[in-house]
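Enquirer: Sharing a model that was predicted from the sequence below.
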Amino acid sequence: MQFTSPVFTQGSDIPSAYTCEGGDLSPPLRWSQAPAGTRSFALIVDDPDAPDPANPRTTWVHWVVYNLPAATQELPEAVKNLPVGARDGRNDWQRSGYGGPCPPIGRHRYFFKLYALDTELPDLQQPTKAQLERAMRGHVLGHAELMGTYQKKE
């Protein structure tokens, strides 16, 4: 699968508009070349460098989405309404939706992970990343990843 964003490239800086120092908007994301048999997509965005890249202790989850319809090939900037059928999970702020990069110290890496699934998952009632990963087990047809970085300016 191909997975890109028009606002940052693999390994580059995520623009501040998509962080806590800007509008905290979700970045536009695009994908193509899903494997045959794809019935839905799931998206997980996380930061394995929390709280400090020099001494990471946890992976902070910024966004969890599942049951994106198979025909979906993009999410627009600042998405508020997911495509029909898609469901939000729960991020590490204990809420649904996107929460942008806001590293307390240093430059962090943010992994946008897209999964093509051979099924639509049941309603998981705002799952955490771990709950979604368990539900996806055995259903992943393909996976693509886009990584951007961010360090606070202030």
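Expert: Received, thanks.
Enquirer: mean confidence score for stretch 136-151?
Expert: Mean pLDDT, stretch 136-151: 98.
Enquirer: Over to stretch 91-100?
Expert: On average, the pLDDT along stretch 91-100 is 97.
Enquirer: Please apply the same query to stretch 44-51.
Expert: Over the span of stretch 44-51, the pLDDT mean works out to 97.
Enquirer: residues of it that come out buried?
Expert: Using 16 or more other CB atoms under 10 Å as the test for burial, stretch 44-51 gives 44-47, 49-50. (Glycine included, C-beta is placed from N, CA and C.)
Enquirer: Let me see the residues that make contact with that stretch.
Expert: Residues outside stretch 44-51 that contact it (CB atoms under 8 Å, 6 or more residues apart in numbering): 56-64, 98, 101, 103-106, 108-113, 115, 129, 132-133.
Enquirer: give me that answer again for 6 Å
Expert: Applying CB atoms under 6 Å, 6 or more residues apart in numbering, the external contacts of stretch 44-51 come out as 56, 58-64, 104, 108-113, 129.
Enquirer: Now rank those by neighbours and give me the top one.
Expert: residue 64 (28 neighbours; other CB atoms under 10 Å).
Enquirer: which SS state does residue 147 fall under?
Expert: strand (DSSP: H, G, I helix; E, B strand; the rest coil).
Enquirer: Skipping adjacent residues, who's closest to it in space?
Expert: residue 111 (5.2 Å; CB to CB, 6 or more residues apart in numbering).
Enquirer: for that neighbour, which residues make a bridge with it?
Expert: Here residue 111 sits in beta bridges with residue 46, residue 147, going by DSSP bridges.
Enquirer: ok, now which ones touch it?
Expert: 46, 145, 147.
Enquirer: CSV please, covering those residues and showing distance to residue 29.
Expert: As requested, the contacts of residue 111 are exported to CSV (distance: CB to CB, whole Å):
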residue, distance to residue 29
46, 15
145, 12
147, 13
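Enquirer: And the contacts of stretch 44-51, which two are furthest apart?
Expert: Farthest-apart pair in the contacts of stretch 44-51 is 104 and 113; separation 22.7 Å (CB to CB).
Enquirer: okay, which residue is most central for the chain?
Expert: For the chain, the residue nearest the mean C-alpha position is residue 45 (2.9 Å; CA atoms, centre = their mean).
Enquirer: Let me know the distance separating that one from residue 61.
Expert: Distance, residue 45 to residue 61, by CB to CB, to the nearest Å: 7 Å.
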